[in-house]
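>>> structure for the following, please:
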Amino acid sequence: MKNVLLVGAGNLGRRHLQSMKNSAEPFNIFVVEPFEAAREQAEKIFQETKSDAVEKVVSFHKAIEEIDKEIDIVIDATPASGRLDILKQVLALGAKDLVLEKVAFNSVPDIEKAKVLIEKYNARAWVNCPRRLNPFYIQLREIFENLKIDRFEVVGENFGMACNAIHFIDLFAFLAKKANYHISLDNISEILPSKRHDYIEFFGEITGTFESGPDFKIDCQRSTKEVGFKIRIVTLTDEYVIDEIAGNVEIIKTDGSKEVSSFRQPYQSELTGGLIDEIISKQACGLTEFYESMALHSPFISNAYVLYASNIEENSLKMVPIT
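Take a look at the predicted model:
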């Protein structure tokens, strides 16, 4: 029977744990969370989650050092800072398949060290950018195979651009089937403390372009309004305006006609169990493959650090405090 290790049982980690209970495959679950209150809450939610799937054996631990079993699969739901150390520990436990939360790493030197580790241990890893699992975006990607994309835009307010930009860059890369891009953070106008202690957020505009196009823009303004954003995709013939919060897409044709259809983004508590089933059966999954994700992370993290260092402070790790 496989052993699955969940590192981090905060808000997102608990959603992973809920979903694991509904996995079709039998496996043991080891949960590592240093904070007692979070461990207790995770255990409570797991016990309360109803499931008809095969029963899982779950145990809760304060630290990775308490795990005395060989681990097969890891879900790392911890912040980016410190992830490299966790990666070293779980790989030493024998893990061969890893799912890392985004932002996977918040310094380019850590990205390079992580690549060496993944290769050294001959492991497989993916980064959790779950829009790639959404049937709506999978279908959109198929449509764009025969429809040239001119540009992407995300425009809105208060949506956490520093921590979520990689999600949008990943989506653009997925839809355009591109990985190499240039990015500019010259039009970031504000760098402020994040709601999350010791992290930052920034506001303004990010622009970029993939090799041979398309161009993209991510624009996030600070506002008294609620969190809101729309994704706009412009092709040579159609324009797609996607409102994920409302769950609809408006397709505007060149003749001015419009079509509106609905969709929904599955919750993390609906996704992780199926991901683990897929990894067990295929040693693969639909998330962003590690090396592709690192190619997408590096330009953004590198430029974000330059922005941070020039406006706040330099550090020897070249780390920008986003997660």
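>>> what's near enough to touch the nearest residue to Lys195 once chain neighbours are set aside?
For Lys195, the nearest residue in space outside its immediate sequence neighbours is Glu201; the separation is 7.9 Å by C-beta to C-beta, 6 or more residues apart in numbering. Heads up, the C-betas are built off the backbone N, CA and C, glycines and all. The contact partners of Glu201, by C-beta atoms under 8 Å, 6 or more residues apart in numbering, come to Gly160, Met161, Ala162, Cys163, Ile191, Leu192, Pro193, Ser194, Lys195, Ile322.
>>> next one: phi and psi at Glu201?
The phi and psi values for Glu201, taken as degrees, to the nearest 10, are phi -130, psi 160.
>>> that one pairs with what?
Beta bridges link Glu201 to Leu192 when assigned by DSSP bridges.
>>> same thing with Glu153?
Counting by DSSP bridges, the residues bridging with Glu153 are Lys217, Arg232.
>>> show me the contacts for it.
For Glu153, the contacting residues are Phe216, Lys217, Ile218, Asp219, Ile231, Arg232, Ile233, Val234, by C-beta under 8 Å, 6+ apart.
>>> go with 10 Å
168, 172, 207, 215-219, 229-234, 241 (C-beta atoms under 10 Å, 6 or more residues apart in numbering).
>>> now swap in Gln41 and tell me
With contacts taken as C-beta under 10 Å, 6+ apart, Gln41 has the following neighbours: Ala9, Gly10, Asn11, Arg14, Glu33, Phe35.
>>> quickly find the element holding it.
Under the assignment given by DSSP states H and E, the secondary-structure element containing Gln41 is helix 36-48.
>>> parallel or antiparallel, list what pairs with whichever helix or strand comes after that helix.
From helix 36-48 onward toward the C-terminus, using DSSP H and E, the following helix or strand is strand 57-61. Based on DSSP bridges, the pairing partners of strand 57-61 within the sheet are strand 27-32 (parallel).
>>> quick one: the strand it pairs with to chain centroid distance?
Taking C-alpha atoms, centre = their mean, to the nearest Å, one finds strand 27-32 lying 22 Å from the centre of the chain it belongs to.
>>> check which residues of that strand are buried.
Residues of strand 27-32 classed as buried under the neighbour-count rule (16 or more other C-beta atoms under 10 Å) are Phe27, Asn28, Ile29, Phe30, Val31, Val32.
>>> tell me which of the residues you listed is nearest to Ile245?
Val31 (30.8 Å; C-beta to C-beta).
>>> okay, the closest one: pLDDT?
Val31 is assigned a pLDDT of 98 by the prediction.
>>> next one: Lys195
The pLDDT attached to Lys195 in the predicted structure is 82.
>>> neighbours of it, how many?
Look at Lys195: counted by other C-beta atoms under 10 Å, it has 8 neighbours.
>>> hang on, isn't it packed against Ala162?
No. Counting by C-beta atoms under 10 Å, Lys195 stays clear of Ala162, with 11.6 Å between them.
>>> how about the strands in the stretch 1-150 of the chain?
Under the criterion DSSP state E, counting those that start in this stretch, the stretch 1-150 of the chain contains strands at 2-7, 27-32, 57-61, 73-76, 97-101, 124-128, 149-157.
>>> and the ones you listed: which comes nearest Gly256?
Of all the strands of the stretch 1-150 of the chain, the one in closest proximity to Gly256, counting by C-beta to C-beta, is strand 149-157 (17.9 Å).
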